[in-house]
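# here is my input; please provide its structure:
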Amino acid sequence: MKSFFKRRATSKAKRNRVTEADMDQLYKEAPSFSEWLPWIDYDSDSQTFTLEDGISAAVMFELVGVSTEARTAEFLEDVQRHIQTCINHVIPAHDDPFVLQCYVYDEDSLSSLADDIAAYTPQYEGEGYNAHQAMTEDVVHHMQQHCQHLTQPGGLFDDTAVAGRRWQGRVRRVRLCLYRRINNTNVHTLDPVTEINQVAERLALQLKAAGI
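Okay, here's the model as predicted:
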């Protein structure tokens, strides 16, 4: 009888034993969307991304657009010409071309506006600030609540006069990605990071001159 229970315990222990294959399975990397990303590193000093070939570089911008509210068609056409001229003259033409990609989407959050309001008041701290600090904090608090109210799911009200849909507070985000894939068979006078930063700096200056 004793030997019977001993065999049962030994058999159960063998079934629960962790094998090397089990350990290897635990450390196996699961599929990830990051495997599809075209970059492998970001350098904070140069503010550039290294692409998956380990050589090519990319930079990214976030743009603040020109106000188009109640603007004339001539004004909009002038802005369009400035942007087109900027792209044509700033970005060099090479066999390994520079690529400029634009991404536009609406962000259903005004948290950045609320944060800007909260960060705005401390710069005016000084004589008399403490006397109004309570009021300032109350205003900031109400503005934060207001921003949350504007962006509530489903919108704030039905805009039947203009848009014909639910009105909701949003922020239009415009981001640019500039990169150039380097062909190792060609001779390059500049390293990719220096080159992409030079082009990016000229692009930023020209866009700023156009009011962007």
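# is Gly65 in contact with Leu207, as I believe?
No: shown here, Gly65 and Leu207 do not form a contact pair, counting by C-beta atoms under 8 Å, at 10.4 Å. Just so you know, the C-beta spots here come from the backbone N, C-alpha and C atoms, and that holds for glycine as well.
# neighbour count: these two, which is higher?
Leu207 (19 against 12; other C-beta atoms under 10 Å).
# so what are the domain limits for this protein?
39-105+170-212, 109-169 (automatic domain parsing).
# can I get these in JSON lines with distance to Pro31 and mean pLDDT?
Shown next, in JSON lines, are these (distance: least, C-beta to C-beta, whole Å; pLDDT from 0 to 100):
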{"stretch": "domain 39-105+170-212", "distance to Pro31": "17", "mean pLDDT": "89"}
{"stretch": "domain 109-169", "distance to Pro31": "30", "mean pLDDT": "80"}
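# quick one: which of those is nearest Val18?
Nearest of those to Val18, taken as C-beta to C-beta: domain 39-105+170-212 at 33.9 Å.
# ok, longest helix in the chain?
Longest helix in the chain, counting residues (DSSP state H): helix 129-150.
# strands along the protein, start to end?
39-43, 48-51, 57-63, 98-107, 157-159, 165-167, 171-180 (DSSP state E).
# tell me which residues touch Asp108, please.
Residues near Asp108 by C-beta atoms under 8 Å, 6 or more residues apart in numbering: 151, 168-170.
# ok, Ile212 next?
Contacts of Ile212 (C-beta under 8 Å, 6+ apart): 63-66, 83.
# I'd like the domains of the chain laid out as TSV, including distance to Leu26.
Below are those laid out as TSV (distance: least, C-beta to C-beta, whole Å):
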stretch	distance to Leu26
domain 39-105+170-212	25
domain 109-169	38
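# beta partners for the closest residue to Ala58 other than its chain neighbours?
Leaving aside its sequence neighbours, Ala58 sits nearest to Tyr179 (C-beta to C-beta, 6 or more residues apart in numbering; 3.4 Å). Residues in a beta bridge with Tyr179, per DSSP bridges, are Ala58, Val99.
# and for Tyr179, the neighbour number?
Going by other C-beta under 10 Å, the residues that sit close to Tyr179 add up to 21.
# could you do Glu20 as well?
Look at Glu20: counted by other C-beta under 10 Å, it has 7 neighbours.
# in contact with Ile83, which residues?
Counting by C-beta under 8 Å, 6+ apart, Ile83 has contacts 207, 210, 212.
# quick one: those residues as a markdown table, columns for distance to Tyr120 too.
Converted to a markdown table, these look like this (distance: C-beta to C-beta, whole Å):
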| residue | distance to Tyr120 |
| --- | --- |
| Leu207 | 25 |
| Ala210 | 27 |
| Ile212 | 23 |
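# now, among those residues, which is nearest to Thr48?
For the contacts of Ile83, the residue nearest Thr48 by C-beta to C-beta is Leu207; the value is 18.3 Å.
# what's the longest helix of the chain packed up against?
Helix 129-150 makes packing contacts with helix 111-120 when contacts are defined by 3 or more C-beta pairs under 8 Å, 6 or more residues apart in numbering; DSSP states H and E.
# determine the angle, from 0 to 180 degrees, between the helix it packs on and strand 171-180.
Helix 111-120 and strand 171-180 are oriented at 100 degrees to each other (axes from the mean of the first three to the mean of the last three C-alpha atoms, to 10 degrees).
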